[in-house]
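Visitor: the sequence isn't on hand, but the structure is:
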Ligand SMILES: Nc1nc2c(c(=O)[nH]1)N[C@H]1C(S)=C(S)[C@@H](COP(=O)(O)OP(=O)(O)OC[C@H]3O[C@@H](n4cnc5c(N)ncnc54)[C@H](O)[C@@H]3O)O[C@H]1N2
Ligand code: MOO
């Protein structure tokens with residue numbers, strides 16, 4: 001058995017970054033920017049007014065000015081402003097030549113085509129200089145997840161087509177005679193396949209393109225048939241049949257199909273029977289069948305692999321540190337990821353940690369990490385945890 005960090009290193013070695021594709025800006029949210037992009041213009045492209053008011057060469061209470069024209073957003077005042085002249089101006093409009101300040105309309109009194117600056121005159125010139133937001137050539141650095149704020153920025157930079165990493169295509173295969181799909185009528189000894197749906201959702205959140213393949217029954221020929229359906233997947237994920245039982249056939253079948261195995265079994269709990277390797281052009285990950293084991297492996301291994309395929313840094317799942325709310329006994333030889341609640345008084349792992357209990361995973365908002373052979377811990381000891 002290898003350690004969790006050794007398993008991650010081997011997984012990262014198998015995961016190659018995917019090619020770049022161009023997508024319309026409207027489709028770029030949630031994708032990973034694959035190449036650094038540069039602003040195609042200054043923003044604002046001219047000195048512009050931050051307020052509705054009057055553009056002037058200089059302002060002081062008691063001064064009077066003659067209004068000689070108007071500058072609106074999208075239609076500038078073309079002339080030049082003299083010392084006793086004012087231009088009516090609106091927010092976002094170009095500041096006319098000769099103006100150094102904009103006085104807001106609340107601070108003037110208007111009489112016909114004249115204005116008088118009142119004692120209310122505030123400070124500040126209310127002018128946004130050209131390029132105050134960004135300059136032509138300013139960069140948005142790759143790689144990064146593109147979020148709605150980035151979309152607004154890229155739009156403003158006039159980047160209508162965005163280079164992003166292709167979404168990883170991921171084939172998901174449940175294995176086992178006992179499984180039926182959600183919505184089907186299970187036989188007396190059957191249960192509903194939950195793991196592939198959970199992983200499918202996780203992959204969607206990660207910006208991958210998951211595909212749910214038919215359940216493979218517990219026979220070598222059924223497994224081979226379903227492996228025949230993986231098509232152009234970049235990553236094939238099986239769930240179940242990874243352990244040592246008579247019906248655990250995945251390792252044997254993928255070996256027959258020519259997989260070079262990178263490892264099988266990790267010193268962790270839950271998730272011990274994890275395996276991985278290269279199957280032709282695709283990467284393969286065999287996840288354990290116990291539902292919590294599969295989902296924990298999804299968070300700890302599948303998600304970092306997907307991020308690395310997307311060109312993001314090869315890093316483990318984010319860890320934070322926090323105090324325990326309760327005492328914990330010493331840990332055994334496997335790194336233990338304990339489902340826990342984050343409470344005001346600290347992290348409280350659930351009493352029941354069996355790897356079949358999805359209801360407890362649903363209640364959890366963290367996985368408290370216990371290193372192998374971690375000694376007993378007392379309440380208020382600070383420990384690592386993975387937020388869920
Ligand atoms: N003698 C030993 N037995 C087991 C060991 C061991 O080291 N020696 N390891 C245990 C551990 S740890 C795990 S985890 C499980 C993993 O076994 P498999 O990956 O072979 O999974 P299965 O046996 O196929 O299934 C386990 C469990 O999970 C249910 N299952 C399977 N697939 C799904 C699915 N898609 N959705 C929902 N539930 C699923 C299945 O019905 C079983 O109940 O092995 C231990 N045994
Ligand atoms: O490792 Mo298993 O995943 O403990 O239940």
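Guide: On my side now, so go ahead. Note that the coordinates shown come from a computational prediction; the quantities given were computed from them, not determined experimentally. Ligands and ions are numbered 1, 2, ... in the order given.
Visitor: how far is stretch 58-72 from where the chain is centred?
Guide: A distance of 50 Å separates the centroid of the chain from that of stretch 58-72, by Cα atoms, centre = their mean, to the nearest Å.
Visitor: what about the strands in the stretch 201-350 of the chain?
Guide: For the stretch 201-350 of the chain, the strands defined by DSSP state E, counting those that start in this stretch occupy 209-212, 235-239, 260-264, 268-269, 275-279, 282-287, 320-323, 335-343, 346-349.
Visitor: given the fourth one, what are its sheet partners and their directions?
Guide: I take that to be strand 268-269. strand 335-343 (parallel) (DSSP bridges).
Visitor: picking up where we left off before, which one, of the strands of the stretch 201-350 of the chain, ends up nearest to residue 65?
Guide: Closest of the strands of the stretch 201-350 of the chain to residue 65 is strand 320-323, at 59.0 Å (criterion: Cβ to Cβ). C-beta: built from backbone N, CA, C; applies to glycine.
Visitor: parallel or antiparallel, which strands does the closest one pair with?
Guide: Note on strand 320-323: by DSSP bridges, its sheet partners are strand 382-387 (antiparallel).
Visitor: next one, pLDDT for residue 243 please.
Guide: We note a pLDDT of 82 for residue 243 in this prediction.
Visitor: quick one, what contacts it?
Guide: With contact taken as Cβ atoms under 8 Å, 6 or more residues apart in numbering, residue 243 is in contact with 273, 288-289.
Visitor: what's the answer for residue 326, then?
Guide: Counting by Cβ under 8 Å, 6+ apart, residue 326 touches 348-349, 379.
Visitor: show me how to select, in ChimeraX, the buried members of those residues.
Guide: Buried residues among these (16 or more other Cβ atoms under 10 Å), as a ChimeraX selection:
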select :348,349
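Visitor: closest to residue 367 among the contacts of residue 326?
Guide: residue 349 (9.1 Å).
Visitor: how near is residue 336 to ligand 2?
Guide: Computed as Cβ to the nearest ligand atom, to the nearest Å, the residue 336 to ligand 2 distance reads 9 Å.
Visitor: what's the residue nearest the centre of the chain sitting at in phi/psi?
Guide: Note on the chain: the residue nearest the mean C-alpha position is residue 145, at 5.6 Å, using Cα atoms, centre = their mean. Main-chain torsions, residue 145, degrees, to the nearest 10: phi -60, psi 130.
Visitor: bridging residues for it?
Guide: Assigned bridge partners for residue 145, using DSSP bridges, are residue 32.
Visitor: what's near enough to touch it?
Guide: By Cβ under 8 Å, 6+ apart, the contact set of residue 145 is 30-33, 207, 312.
Visitor: of those - the most surrounded one?
Guide: Counting neighbours by other Cβ atoms under 10 Å, residue 32 leads the contacts of residue 145 with 25 neighbours.
Visitor: so that residue makes contact with residue 313?
Guide: No. Between residue 32 and residue 313 there is no contact under Cβ atoms under 8 Å: 11.2 Å.
Visitor: okay, and the common contacts of the two?
Guide: residue 143.
Visitor: tell me how many other residues crowd the residue in the stretch 151-300 of the chain positioned nearest to ligand 1.
Guide: Of all residues in the stretch 151-300 of the chain, residue 289 sits closest to ligand 1, at 2.5 Å by Cβ to the nearest ligand atom. Residues lying near residue 289 (other Cβ under 10 Å) number 26.
Visitor: enumerate the residues of the stretch 151-300 of the chain near ligand 1.
Guide: Within the stretch 151-300 of the chain, the residues that sit near ligand 1 (Cβ under 6 Å from any ligand atom) are 174, 176, 178-179, 191, 193-196, 239-245, 248, 270, 272-273, 288-291, 293.
Visitor: which of the residues in stretch 50-69 are buried?
Guide: By neighbour count with 16+ other Cβ under 10 Å, stretch 50-69 contains the buried residues 50-57, 59, 63, 65, 67-69.
Visitor: nearest to residue 159, of these?
Guide: Nearest to residue 159 out of those is residue 50 (Cβ to Cβ; 25.2 Å).
Visitor: residue contacts, the residue of the stretch 51-200 of the chain found nearest ligand 2?
Guide: Going by Cβ to the nearest ligand atom, ligand 2 is nearest to residue 195 of the stretch 51-200 of the chain, at 11.4 Å. Neighbouring residues of residue 195 by Cβ under 8 Å, 6+ apart: 174, 239-240, 287, 289, 291, 294-295.
Visitor: identify the residue nearest it in space, chain neighbours excluded?
Guide: Nearest non-adjacent residue to residue 195, counting by Cβ to Cβ, 6 or more residues apart in numbering: residue 294, 4.0 Å away.
Visitor: where do the helices sit along the stretch 151-300 of the chain?
Guide: For the stretch 151-300 of the chain, helices defined by DSSP state H, counting those that start in this stretch occupy the ranges 195-205, 220-227, 250-256, 291-297.
Visitor: what's the third one packed up against?
Guide: Same thing as helix 250-256. In terms of contacts (3 or more Cβ pairs under 8 Å, 6 or more residues apart in numbering; DSSP states H and E), helix 250-256 is packed against helix 220-227, strand 260-264, strand 275-279, strand 282-287.
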